[in-house]
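J.: just coords:
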């Protein structure tokens, strides 16, 4: 695939093989972002784990201190008082079986996060084959299956992101927008890195985080040294 002129030019702004400290790397990523829209900044951690083993899974969620810069639309599956609490917390959509039908029959996906009370999981289970591949299935580890739906809605809208090990043993996460600047992005990066370090499985052997790359939507990846936070 041929890279565009802006991409090629941006490669000249830094050393591709060099491993930078996070603040410098984020500064480079922000400086070389040339798109006409506010690019998302993403982090990619290559982990020293084997996702085929259940005891080497890493999955959780964390609220980024400066949010993601994205407007998050929530769909809450709840009934009675819990449904009322979700509505009062500002959820975009609240319902039960009616939304299962809407997703199944209309292929409706006007939401970014699904939150559910535990008693609704039997109903949502019917959507497993649709939601699973899209990464939208509610999960207790991510805090999206909970009795406190109001808190979950507020956290999702405040910039809560989910991190999980994929089949290639990589964790991909957004940490904000280029317009945030390197200081706010660094705070978000450190919060995410801290959560991933804390989630280290007991079965992990050898180097836990093998490598780390930060990139904007349209930009090249800049290598980062995460080891400063790993010592000890």
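T.: Good, I have the coordinates. Please read all numbers here as calculations on a predicted model, not as lab measurements.
J.: name the element the nearest residue to residue 44 once chain neighbours are set aside belongs to?
T.: Take residue 44 and drop its neighbours on the chain: the residue closest to it by CB to CB, 6 or more residues apart in numbering is residue 213, 4.7 Å away. Where C-beta positions appear, they are placed from N, C-alpha and C, glycine not excepted. Element membership of residue 213, judged by DSSP states H and E, is strand 209-216.
J.: Give the next helix or strand downstream of that strand.
T.: strand 222-224.
J.: just to revisit the earlier point, what helices and strands are in contact with the strand holding residue 213?
T.: Packed against strand 209-216, as judged by 3 or more CB pairs under 8 Å, 6 or more residues apart in numbering; DSSP states H and E, are the following elements: helix 22-32, strand 40-47, helix 182-198, strand 222-224.
J.: now the angle from the third one to strand 209-216?
T.: Taking axes from the mean of the first three to the mean of the last three CA atoms, to 10 degrees, helix 182-198 and strand 209-216 form an angle of 150 degrees between their directions.
J.: what's the domain layout of this protein?
T.: According to automatic domain parsing, the chain comprises the domains 14-67+160-229, 74-157.
J.: could I get those as JSON lines with mean neighbour count, mean pLDDT and distance to residue 7?
T.: Output for the domains of the chain, formatted as JSON lines (neighbours: other CB atoms under 10 Å; pLDDT from 0 to 100; distance: least, CB to CB, whole Å):
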{"stretch": "domain 14-67+160-229", "mean neighbour count": "18", "mean pLDDT": "93", "distance to residue 7": "6"}
{"stretch": "domain 74-157", "mean neighbour count": "17", "mean pLDDT": "94", "distance to residue 7": "27"}
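J.: Cool, thanks, signing off.
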